[in-house]
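Asker: The following comprises the amino acid sequence and a computationally predicted model.
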Protein chains: 2
Amino acid sequence: MGRGRGLGPGVLCGPEEGQVWPGTRPAGWEPIAGKSRLARAPPTPSPGGGPWAGAGPRPRAGQGGSMLNRVRSAVAHLVSSGGAPPPRPKSPDLPNTASAPPAAAPEAPRSPPGKAGSGSAAPARAVEARASFSRPTFLQLSPGGLRRADDHAGRAVQSPPDTGRRLPWSTGYAEVINAGKSRHNEDQACCEVVYVEGRRSVAGVPREPSRGQGLCFYYWGLFDGHAGGGAAEMASRLLHRHIREQLKDLVEILQDPSPPPLCLPSTPRTPGSADPSHLLGPQSCWSSQKEVTHESLVVGAIENAFQLMDEQMARERRGHQVEGGCCALVVVYLLGKVYVANAGDSRAIIVRNGEIIPMSREFTPETERQRLQLLGFLKPELLGSEFTHLEFPRRVLPKELGQRTLYRDQNMTGWAYKKIELEDLRFPLVCGEGKKARVMATIGVTRGLGDHNLKVCNSTLPIKPFLSCFPEVRVYDLTQYEHCPDDVLVLGTDGLWDVTTDCEVAATVDRVLSAYEPNDHSRYTALAQALVLGARGTPRDRGWRLPNNKLGSGDDISVFIIPLGGPGSYS
Amino acid sequence: MGRGRGLGPGVLCGPEEGQVWPGTRPAGWEPIAGKSRLARAPPTPSPGGGPWAGAGPRPRAGQGGSMLNRVRSAVAHLVSSGGAPPPRPKSPDLPNTASAPPAAAPEAPRSPPGKAGSGSAAPARAVEARASFSRPTFLQLSPGGLRRADDHAGRAVQSPPDTGRRLPWSTGYAEVINAGKSRHNEDQACCEVVYVEGRRSVAGVPREPSRGQGLCFYYWGLFDGHAGGGAAEMASRLLHRHIREQLKDLVEILQDPSPPPLCLPSTPRTPGSADPSHLLGPQSCWSSQKEVTHESLVVGAIENAFQLMDEQMARERRGHQVEGGCCALVVVYLLGKVYVANAGDSRAIIVRNGEIIPMSREFTPETERQRLQLLGFLKPELLGSEFTHLEFPRRVLPKELGQRTLYRDQNMTGWAYKKIELEDLRFPLVCGEGKKARVMATIGVTRGLGDHNLKVCNSTLPIKPFLSCFPEVRVYDLTQYEHCPDDVLVLGTDGLWDVTTDCEVAATVDRVLSAYEPNDHSRYTALAQALVLGARGTPRDRGWRLPNNKLGSGDDISVFIIPLGGPGSYS
């Protein structure tokens, strides 16, 4: 996802929609369709200046000179080393999975030392020095492939190679870079099988076969970055590990059919006390207690993992240049249930027997208006003297003082008139409509990870307090319905959904899958490619055009197709 | 609705569910089914004391000695005057509608002086001195009828008389008093046709026939009081007038098919400037402005009317003894659309061709947990040192310090474990499940009017900041569907819904209406009576029992049946 330009101190800047990096767009094309989550700011530089103040035209969206230098150095290194990255020591907590680059060198998720999970991802391809230039490891891109994937003019659709190891469940995946709105593809993706070893188990000596053993979860994540690719890349490498950490405490509990204990002993049990009956079960508590389901424990684990991921970004943003922020759409399959966690404006739908089942909703200044306004109302200091928590249908003009304008307060869904007072001349906390809606005139999504440095244009007001890192988690019980190979869960970043309706996606699902044998593993990748191509369009009439001649999406587009009843052996 | 007993200073107290006022329940009966929205408090009186501190056993729910004295004096007055109330001077803003008793003597809704609307309600029956003993005027109860309606032992179902003027749209209505949980029926109801004269029109000289004329709206309201009947009674007499006041500005705008102007002149127009084209229309504004619909203006008017009603209760609570609070469920029919506004735990459903269409949702500590927790998190001073904003499945015990317990924070829908710290021993802001859920261990609804004096048991902490007076408004376009005489909108207080499912209501709708001719005006009242009787049950086996032998509702029960395609001539 792209971002605005000319933002205030500390705000990362780059070309706005309709602008391109030099040399990335065929001459004579008109501005591409697409949007930026960060707003245009006034062209005057901020007085105070930021890291790049006074540095002339800013080199690229979301990344200042230091990032440019890092990219240059990385490219130089790649050239000098023939493309092979230098070996890097494995982090104790990061064995057997794709390694992280220095730009996102992760602090291990907070957990006691111990054997960490192993993924089934493609062989680790360290991209040590590529920084935000990296693509998902399962694409297995060579340096040449990486350059092609990074080409705004060609916008070649990328998918995992036919010849490589298939993604779990024969998941399909495809992506394409934007048409020039940001230097690199700021979407990131991850697909892993993650093993969770119980923190409390007696390693190697399970007392009962059904307990003390670990759990596996399947994991898919799409991360749509803005104001730089760092947050998305970091999340794509680490969020599933935070989820694993959160689940470690629950390994035995989730495998025990009895209700979760409301209280646990303070310290990990010793071998002699490993029997879960030592836990303080519901029977030992009051009769007036809430029932807590296993499912809600997994939901809580995912929610807290998002928060811990966000906190890690906050801690490491200076040392590791975690620029910008990202939307996160994550799927966890565990013990028969699919958990879809969404924070941002990506979207997940299930297409089952032609029927569309929404599995997420978008979090934008419009959908979260009342939450944002309530926060501004309760904590007016967050608005400075520049913003008002009231909403107006348009900016109120000084000459209208004393007249009456339509407004909405935080408790209202309807509109009413009020007399215009001096404070109403401030900029509204939430303004604009649809894809142009903004919080504090700056950002167009209200949930996600990162953005700890994000400031209001030409101001030192932080925007982060209004952004929530918490996802909404929806649960789908895979065992409640017999799925056929054409039933799929579709995940897409907003590059897909900006130009494609749910119904169009369902029609494409039907059209593409019916052209393949049900047991053809490549059908899901073909479907992902068809969706990405359908949203991108083809270069024609000075733009990327859809068959109906409307503009295609100029944004990064990424799609996962997760078969729910296909050839994957997940049951 | 009933209330708890022994609440702290300023909290109004009475018998809890399962208790009765002396002489109101047949001997030997077991506690009735029903619930109280206010929790039981410890039996020890609060040290500080309130208006009734140290006064011995408290005389009645929600009302202290002064209220008892007022009731006594009112009854004495009724007896001495033969039931005819003394004439009272009409408020300038309250002509031609039922007058308000001193207990709720209203300040006129804030509006410029002028001709006010007139209702089509039954002839005004001033109940000047009855205070909370009053019933809706459209029941046309004689003093003897009022006594029968107030009889907890008989629990006779009340409906408007067959012989009187029908309610608008041939609306059906029935109610029954509780089984003893509070001294009087604390539900109130209102049904009116309200005329709105535009504030800006040139009185008597409309320039265009289609403009400058007033509007009519049909109005139904159910008000379920708690901790005293004053708030419910005041709301039943005044809320529709607040709505009328809010609509006065909109009379011309709502009748003009063009989009509402975003700005209005500051002062009411003079005759020469009455043409709406003088308003600053959308054309004169930026192109980037939100579309505001006529519908959303009506929604905003209703929302603000609720707030102004609540503010009026706050202002007048001392002078006029507006005790307690109330849930409010209100229906406005205006220009082809039905607006259902709900603040509390009453419920509205449409039964259309047998299909159930929910038109409201309940606002309780469970459904509003995250809003409440967020407020406690952002404003910890509202919690004092007694409460924590975290939720636990049960109260944490001091001996569990250092262990780990399940909890939910304001951003979570799932549960997770945390180490128990000293602060977690505080009482959770939200606790309990279902009908037993409470805010600050005190109140079981989270939206409504009044409750400005409500304090936490044995504490001076106010609860009002956590309660919202704003309704959720749902809109149903009556013109989008051809309704038959059996299609109805059902409004009920929780006395109905506690023991009756939506499906059972729909079945009763079908059963009762099919037994009457479609053009029989009495069928909707018969349906309301059947629903109330079905929820109340019959006295048997030491309680009010349903046919399945379960306990019926011991709460006040009130039901409106609004025909959507019946004999009413509302089109």
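Answerer: Okay, I see it. Numbering: from 1, shown residues only, chains lettered A, B, ... in the order given.

Asker: What's the separation between the closest residue in space to residue A:472 that isn't next to it in sequence and residue A:422?
Answerer: Take residue A:472 and drop its neighbours on the chain: the residue closest to it by Cβ to Cβ, 6 or more residues apart in numbering or on different chains is residue A:342, 5.7 Å away. Backbone N, C-alpha and C define where each C-beta goes, glycine included. Plainly put, residue A:342 is 40 Å away from residue A:422 if you go by Cβ to Cβ, to the nearest Å.

Asker: If you count surrounding residues, which of these two has more?
Answerer: Each of residue A:342 and residue A:422 has its neighbours counted (other Cβ atoms under 10 Å in any protein chain shown); residue A:342 has more, 26 against 8.

Asker: Can you work out which other helices and strands pack against the lengthiest strand in chain A?
Answerer: Longest strand in chain A by number of residues (criterion: DSSP state E): strand A:215-226. Applying 3 or more Cβ pairs under 8 Å, 6 or more residues apart in numbering or on different chains; DSSP states H and E, we find strand A:215-226 packed against strand A:187-196, helix A:230-248, helix A:251-255, strand A:325-334, strand A:488-492, strand A:557-563.

Asker: Show me the one of the ones you listed that comes nearest chain B.
Answerer: Of all those, it is helix A:230-248 that lies closest to chain B, at 7.2 Å by Cβ to the nearest Cβ.

Asker: ok and that closest one relative to strand A:215-226, angle-wise?
Answerer: Here helix A:230-248 runs at 160 degrees with respect to strand A:215-226, directions being taken by axes from the mean of the first three to the mean of the last three Cα atoms, to 10 degrees.

Asker: Is helix A:230-248 in proximity to chain B?
Answerer: Yes: under the criterion of Cβ under 8 Å from any Cβ of the partner chain, chain B is reached by helix A:230-248 at residue A:246.

Asker: Remind me what that helix packs against, helices and strands.
Answerer: Applying 3+ Cβ pairs under 8 Å, 6+ apart, one finds that helix A:230-248 contacts strand A:187-196, strand A:215-226, helix A:294-320, strand A:325-334, strand A:449-450.

Asker: quick one, which of the ones you listed is packed in tightest?
Answerer: A comparison of the helices and strands packed on helix A:230-248 by mean neighbour count, using mean count of other Cβ atoms under 10 Å in any protein chain shown, puts strand A:449-450 on top with a mean of 32.

Asker: That one: what's the following helix or strand?
Answerer: Once the chain leaves strand A:449-450, the next helix or strand it forms, by DSSP states H and E, is strand A:472-477.

Asker: Near chain B, which residues of the stretch 251-400 of chain A? Just list them.
Answerer: A:260, A:262-266, A:280, A:285-286, A:288-292, A:295-304, A:307, A:374-375, A:378-379, A:392-395, A:400.

Asker: thinking again about what came up before, quick one: strands adjacent to the longest strand of chain A?
Answerer: Within its sheet, and counting by DSSP bridges, strand A:215-226 is paired with strand A:187-196 (antiparallel), strand A:325-334 (antiparallel).

Asker: and the last one, what's its mean pLDDT?
Answerer: Okay, so that is strand A:325-334. Strand A:325-334 shows a mean pLDDT of 98 in the predicted model.

Asker: and what of the first one?
Answerer: Per-residue pLDDT over strand A:187-196 has a mean of 97.

Asker: could you dump it to PDB, C-alpha only?
Answerer: What follows is strand A:187-196, C-alpha atoms only, in PDB (Å, rounded to 0.1, in the frame of the first residue of the first chain):
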ATOM      1  CA  ASP A 187       2.400  -6.600   0.900                       C
ATOM      2  CA  GLN A 188       3.900  -9.600   2.600                       C
ATOM      3  CA  ALA A 189       2.700 -13.100   3.100                       C
ATOM      4  CA  CYS A 190       3.400 -16.100   5.200                       C
ATOM      5  CA  CYS A 191       2.200 -19.700   5.200                       C
ATOM      6  CA  GLU A 192       3.400 -22.100   7.800                       C
ATOM      7  CA  VAL A 193       2.700 -25.200   9.800                       C
ATOM      8  CA  VAL A 194       3.700 -24.400  13.300                       C
ATOM      9  CA  TYR A 195       4.300 -26.900  16.100                       C
ATOM     10  CA  VAL A 196       3.500 -25.800  19.600                       C
END
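
Asker: coming back round to it: mind putting the strands paired with strand A:215-226 into JSON lines with distance to residue B:426?
Answerer: JSON lines is the format used below for the strands paired with strand A:215-226 (distance: least, Cβ to Cβ, whole Å):
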{"stretch": "strand A:187-196", "distance to residue B:426": "33"}
{"stretch": "strand A:325-334", "distance to residue B:426": "33"}
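
Asker: Out of these, flag the one nearest residue B:553.
Answerer: Between residue B:553 and the strands paired with strand A:215-226, the shortest separation by Cβ to Cβ is 42.2 Å, and it involves strand A:325-334.

Asker: Grab the CA positions of that closest one and hand them over as PDB.
Answerer: Coordinates of the C-alpha atoms in strand A:325-334 are reproduced here as PDB (Å, rounded to 0.1, in the frame of the first residue of the first chain):
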ATOM      1  CA  GLY A 325       2.600   0.000   9.700                       C
ATOM      2  CA  CYS A 326       0.600  -2.800   8.200                       C
ATOM      3  CA  CYS A 327      -2.800  -4.400   8.100                       C
ATOM      4  CA  ALA A 328      -2.800  -8.000   9.200                       C
ATOM      5  CA  LEU A 329      -5.200 -10.700   8.100                       C
ATOM      6  CA  VAL A 330      -4.400 -14.000   9.600                       C
ATOM      7  CA  VAL A 331      -5.900 -17.500   9.500                       C
ATOM      8  CA  VAL A 332      -5.200 -20.200  12.100                       C
ATOM      9  CA  TYR A 333      -6.400 -23.700  11.700                       C
ATOM     10  CA  LEU A 334      -6.400 -25.600  15.000                       C
END
